[in-house]
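Participant: After the sequence you'll find the predicted model.
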Amino acid sequence: MARRARIEYEGAFYHVITRGNQRQKIFRDEKDYSKYLEILSRYKSQYKFYLYSYVLMNNHVHLLLETREIPLSKIQQGINQSYTMYFNKRYKTVGHLFQGRYKAILCDKDTYLLSLIKYIHHNPLRAKAAKQPEDYKWSSHLNYVERVRGSIVDIDQVLRIFSEDKTKARRLYRDYMADGINVKKEDIYKTVDQRILGDERFVEEVTEKTDEGIEQRRRKHEYSLEEIAKKVEQIFGITIRQLREKSKDRSISMGRKLMSFAAKEYGYKGTEIAKYMRKDPVVISRYLKERNNFSGEVEKICSSLRKYR
């Protein structure tokens, strides 16, 4: 299945993860770590993005950043190409240093800013590279707990969440970081098709900014929910009565999912789909997170609807 396009727009807030090719080390000594931060600083100055957190591990990097006019793809291209050129020249190697496509999760900043900073700054602890965040040299954690000359991290917005008084804010930040040392990825991450971290409202807002969203708006309500339900019945043999009943039968549950996916393709909101099928909106939201796994079945419904007209 083709990978879905990245969602990019001014003001987008991302958790970016870049790994070494075949998980090889991308930092062999302190000079390498320092060089990467030098390159990161250079592109931050050039492209004017906000950087809230980072950690450099020996075989991967986490960045938490917010773009402005320059899209993430151009930012990452510059950073990764520059560091690869440095690395290959220094170690007399050739080829790719980083593993294919970097991972970029578009996140709801209002909800996840602090928890993602904690997750990133705790990465060395989970990897047993340090016992406390303060013990690890190659993360942005120390920028938040003390003055760091030449800092490239935009700490002020984050610290103001804790207090307008910077001294107090640093203390409260440290307390926050000390709570939940063993935070795990699954405690934070419940992404939609591996691209978006946020609730249904946020997903709908950002999807509308993409070509996919524009196409959905163009097709919005082109077919009624009843017409879509009839096609689900015709193709998969699940009636609207069955979709609405409380049965836990697997085939009926699959019918509900396919109905939800197809309705979403034609611009219906999760709440509208839930109301039509007489289901809890939370259930429909859960279904929609699986949409990318059933593109073939959804296209069959949509193709049949087009022929129907």
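Facilitator: That came through fine.

Participant: dump the residue contacts of Lys279.
Facilitator: Residues near Lys279 by Cβ atoms under 8 Å, 6 or more residues apart in numbering: 244, 256. All C-beta atoms are positioned from the backbone trio N, CA, C, and that covers glycine.

Participant: rerun at 10 Å
Facilitator: For Lys279, the contact set (Cβ atoms under 10 Å, 6 or more residues apart in numbering) comprises 243-244, 246, 256, 260, 270, 273, 287.

Participant: Give me the buried subset of the residues you listed.
Facilitator: Among the contacts of Lys279, those buried by neighbour count (16 or more other Cβ atoms under 10 Å) are 243, 256, 260, 270, 273, 287.

Participant: quick check, Glu8 in a strand?
Facilitator: No. Glu8 is assigned coil when assessed by DSSP: H, G, I helix; E, B strand; the rest coil, not a strand.

Participant: Helices of the stretch 1-150 of the chain, residue ranges please.
Facilitator: 30-47, 72-91, 109-121, 123-126, 141-145 (DSSP state H, counting those that start in this stretch).

Participant: Nearest approach to Asp280 belongs to which of those helices?
Facilitator: Among those, the nearest to Asp280 by Cβ to Cβ is helix 109-121 (21.0 Å).

Participant: May I see the buried residues of that closest one?
Facilitator: For helix 109-121, by 16+ other Cβ under 10 Å, it's 109, 112-113, 115-121.

Participant: and the closest residue to Glu226 other than its chain neighbours, what does it touch?
Facilitator: Nearest residue to Glu226 in three dimensions, chain neighbours excluded: Ile240, at 7.6 Å (Cβ to Cβ, 6 or more residues apart in numbering). Listed by Cβ under 10 Å, 6+ apart, the contact set of Ile240 reads 225-226, 228-230, 232-233, 255, 259, 276-277.

Participant: so which of the buried residues of helix 109-121 comes closest to Tyr102?
Facilitator: Ile120 (15.0 Å).

Participant: Wait, Tyr83 touches Lys35, no?
Facilitator: Yes. Using Cβ atoms under 10 Å, Tyr83 is in contact with Lys35, at 7.0 Å.

Participant: Now do the shared contacts for those two.
Facilitator: The contact lists of Tyr83 and Lys35 share Phe27, where a contact means Cβ under 10 Å, 6+ apart.

Participant: and those two? which has more neighbours close in?
Facilitator: Set Tyr83 next to Lys35 and count neighbours by other Cβ atoms under 10 Å: Tyr83 wins out with 22 against 16.

Participant: what's the closest residue to Tyr144 other than its chain neighbours in contact with, if anything?
Facilitator: Nearest non-adjacent residue to Tyr144, counting by Cβ to Cβ, 6+ apart: Tyr173, 5.1 Å away. By Cβ under 10 Å, 6+ apart, Tyr173 lies in contact with 114, 117-118, 141, 144-145, 155, 158-159, 161-163.
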